[in-house]
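Colleague: requesting a structural model of the entry that follows:
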Amino acid sequence: MSEAVLGVTRSLSGRRWHWRDAGAERIGLGLAQRLGVPEIIGRMLAARGIGPETAADFLTPTLRALLPDPALLRDMEAAATRLANAVEAGECVGLFGDYDVDGGCATALMAELLENLGCPVLTHIPDRLREGYGPNAPALKALAAQGARLILTLDCGTTSDAIFAEISGADIIVLDHHKADGPPPRVLATINPNRLDDSSGLGTLCATAVTFLAAIALVRTLRQRGFFGARETPDLMRALDLVALATVCDVMPLTGLNRALVSQGLKVMARRERPGLVALLDVAQITEAPGAFTCGFVLGPRINAGGRIAEADLGLRLLRARDPREAQGLAVVLDRVNRERQKVEGAVLERALEQAGEQRAAGHAVLFVAGTEWHPGIVGIVAGRIKERFNRPACAGGLQDGVVKGSGRSLPGLDLGSAVIAARQAGILTAGGGHAMAAGFTLDAREIAAFQAFLDERLAAAASLPDAADLAIEGTLSVAGADTPLAETLSRLAPFGPGNEEPLLALPRARISYTKAVGRDGNTLICTVEDEAGQKLKAVLFRAGDGPLGTALRNHQAPPLHLAGHLRLNTWQGRNSADFTIIDAAST
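Modeller: Predicted structure coming up:
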């Protein structure tokens with residue numbers, strides 16, 4: 001274990017600060033010289049395990065260099081052939097998408113493409129409460145009855161063989177990325193990089209990215225057939241805004257191909273060509289160029305809100321809207337629904353944290369909380385909050401009529417999706433699946449203890465984790481050194497997310513001279529940070545609450561603090577400045 005940064009072995013939030021990679025300095029210097037970039041960039045590349053052979057693509061990720069042949073994915077050629085046949089015949093195609101951002105984006109992408117190619121399209125997003133997760137026979141039969149001779153399931157379907165067996169009169173193609181626990185369903189094609197017999201190596205893609213590759217394969221097949229002789233070839237790059245949004249919101253690692261998809265997709269989003277996203281950005285009062293943070297914390301929660309506690313297809317309707325006035329109306333509704341979701345979440349979270357605290361004290365590796373009045377649409381968010389608070393994989397469920405429906409969130413290196421699938425195979429769950437970082441499940445309430453014991457055993461390594469994740473610091477800087485040029489330099493490493501975490505930097509001996517609470521609930525603190533020489537820097541703390549960190553920042557008479565956080569570039573009315581987002585603090 002490396003030495004504690006600034007001697008911080010227990011911060012105000014109970015964390016130890018350590019150097020991310022004390023040995024990266026020498027390698028980083030070599031990278032910096034080779035690439036012609038500042039030494040701090042070279043050091044941070046080295047700390048992320050980026051070597052000379054991939055560093056250039058990391059700093060300038062392009063699809064030209066990183067986009068694979070879609071045919072690498074199992075069943076892709078069969079799917080492209082059937083889709084091309086549908087396009088040439090003008091067949092009606094049904095799209096069944098999951099109710100989250102990834103499912104909505106994948107459905108919007110494919111619907112837009114097929115309609116542009118002349119196919120009538122029917123869409124269905126299942127109601128979370130009435131229909132649950134994944135394809136269901138009544139909905140698929142309804143699509144077929146309305147004329148769909150080809151049905152695509154998007155972000156779902158990998159484990160739905162029994163459901164598909166009930167459907168006749170329509171071919172079925174699955175476009176998914178969730179973990180498989182057996183053979184693919186007996187349908188025309190199952191395109192999923194995480195099916196057991198797929199060797200593409202693309203298992204970190206979200207469903208929208210898989211759908212994007214299917215779109216490329218379809219257009220390529222049509223081109224080979226001479227379909228575009230008298231009509232314009234679709235510009236698939238315009239759909240990258242949807243791919244970027246889904247990749248970030250589904251918490252996929254932002255490395256390799258995903259990094260290129262998100263980087264290029266954010267550029268498309270910045271062009272403000274999709275009325276639905278433009279309206280949602282305007283409602284949220286976002287004026288700067290969107291980044292990964294905007295996708296994950298501004299757009300995603302609002303798009304998801306409809307599927308959580310309101311009409312399941314609100315998000316899809318927004319993404320597909322072509323009329324700016326229609327988009328504006330939908331954005332206003334989703335913003336309101338998201339505020340309602342936050343109220344529902346807040347009412348549940350306090351009780352959930354109490355349960356989780358008791359379980360943590362009892363030594364559980366995985367925390368499982370449930371309540372009879374908990375809305376199933378917000379339990380995934382609650383699980384995520386518990387995971388953040390206790391640094392443990394967490395599951396949360398709503399209990400009704402003796403049945404628990406819930407969601408789980410995990411930590412890197414602890415594969416919750418596989419554990420949930422194994423629990424279903426063991427007969428503990430009636431339904432369940434997911435991927436490494438997130439999963440959904442259904443079980444009889446009498447099996448709660450057995451399910452938690454099963455997870456405790458499968459993810460036993462979590463039991464030895466500290467109560468709060470240690471912070472990996474990548475450098476220290478002075479208040480005077482935390483300037484705009486440095487923030488601009490660090491932004492070259494964006495987009496940030498899993499696999500490419502935003503650099504954490506430490507500000508030694510900083511005094512808080514001013515604090516102002518802002519936001520609807522006053523839970524965000526805007527601060528002025530000063531050093532001993534009187535140099536000043538604007539800082540912000542989100543989710544301040546009444547905890548020790550927020551309390552310390554409000555006390556201007558306290559001794560200086562060591563601060564840890566992110567130096568970010570802020571653009572306002574065409575001007576750039578540097579802000580420091582506080583993540584933690586420690587006594588000096």
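
Colleague: how about the strands in the stretch 351-500 of the chain?
Modeller: 367-371, 394-400, 403-409, 431-435, 438-444, 471-473, 475-476 (DSSP state E, counting those that start in this stretch).

Colleague: which residue ranges of the stretch 351-500 of the chain form helices?
Modeller: 379-390, 416-425, 448-458, 484-490 (DSSP state H, counting those that start in this stretch).

Colleague: got it, and the stretch 101-250 of the chain?
Modeller: Using DSSP H, counting those that start in this stretch, helices in the stretch 101-250 of the chain cover 101-116, 137-145, 161-164, 207-224, 240-249.

Colleague: just those: most buried one?
Modeller: Ranked by mean neighbour count, the helices of the stretch 101-250 of the chain are led by helix 240-249 with a mean of 29 (mean count of other Cβ atoms under 10 Å). Bear in mind the C-beta positions are built from the backbone N, C-alpha and C, glycine included.

Colleague: residue 122 reaches residue 94, doesn't it?
Modeller: Yes - here residue 122 reaches residue 94: they are 4.6 Å apart, a contact under Cβ atoms under 8 Å.

Colleague: those two - which one has more neighbours?
Modeller: Ranked by neighbour count (other Cβ atoms under 10 Å), residue 122 and residue 94 place residue 94 first, with 25 against 17.

Colleague: what about that one, which SS state?
Modeller: strand (DSSP: H, G, I helix; E, B strand; the rest coil).

Colleague: what score does it have for pLDDT?
Modeller: pLDDT, the model's per-residue confidence, is 98 for residue 94.

Colleague: so what's the residue nearest to residue 533 when sequence neighbours are not counted up against?
Modeller: Residue nearest to residue 533 in three dimensions, not counting chain neighbours: residue 480, with 7.2 Å by Cβ to Cβ, 6 or more residues apart in numbering. Contacts for residue 480 (Cβ atoms under 8 Å, 6 or more residues apart in numbering) come out as 531, 533, 535.

Colleague: same deal with residue 424?
Modeller: 181, 430-433, 441.

Colleague: check contacts around residue 160.
Modeller: 134-135, 153, 174, 185.

Colleague: phi and psi next, for it.
Modeller: Note on residue 160: backbone dihedrals following degrees, to the nearest 10 are phi -110, psi 30.

Colleague: nearest spatial neighbour of it, chain-adjacent residues omitted?
Modeller: What sits nearest to residue 160 in space, not counting adjacent residues and going by Cβ to Cβ, 6+ apart, is residue 135, at 4.7 Å.

Colleague: make sure that neighbour is actually in contact with residue 157.
Modeller: Yes - under the criterion of Cβ under 8 Å, residue 135 makes contact with residue 157 at 5.4 Å.

Colleague: quick check: neighbours shared by these two?
Modeller: Residues touching both residue 135 and residue 157 (Cβ under 8 Å, 6+ apart) are 96, 164.

Colleague: which one of the two has more residues nearby?
Modeller: Ranked by neighbour count (other Cβ under 10 Å), residue 135 and residue 157 place residue 157 first, with 29 against 23.

Colleague: per-residue confidence for the nearest residue to the more buried one once chain neighbours are set aside?
Modeller: Spatial nearest neighbour of residue 157, chain neighbours left out: residue 174 (3.9 Å); criterion: Cβ to Cβ, 6+ apart. Listed pLDDT for residue 174 reads 98.

Colleague: residues in contact with residue 174?
Modeller: 152-153, 156-158, 160, 184-185, 187, 189-192.

Colleague: and residue 120, how far from residue 144?
Modeller: 14 Å (Cβ to Cβ, to the nearest Å).

Colleague: care to break the protein down by domain?
Modeller: The chain is divided into the following domains under automatic domain parsing: 5-20+470-587, 70-242, 363-464.

Colleague: and these as a markdown table, adding distance to residue 328?
Modeller: Conversion of the domains of the chain to a markdown table gives the following (distance: least, Cβ to Cβ, whole Å):
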| stretch | distance to residue 328 |
| --- | --- |
| domain 5-20+470-587 | 21 |
| domain 70-242 | 18 |
| domain 363-464 | 24 |
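
Colleague: of all those, which one is nearest residue 321?
Modeller: Nearest of those to residue 321, taken as Cβ to Cβ: domain 70-242 at 9.7 Å.
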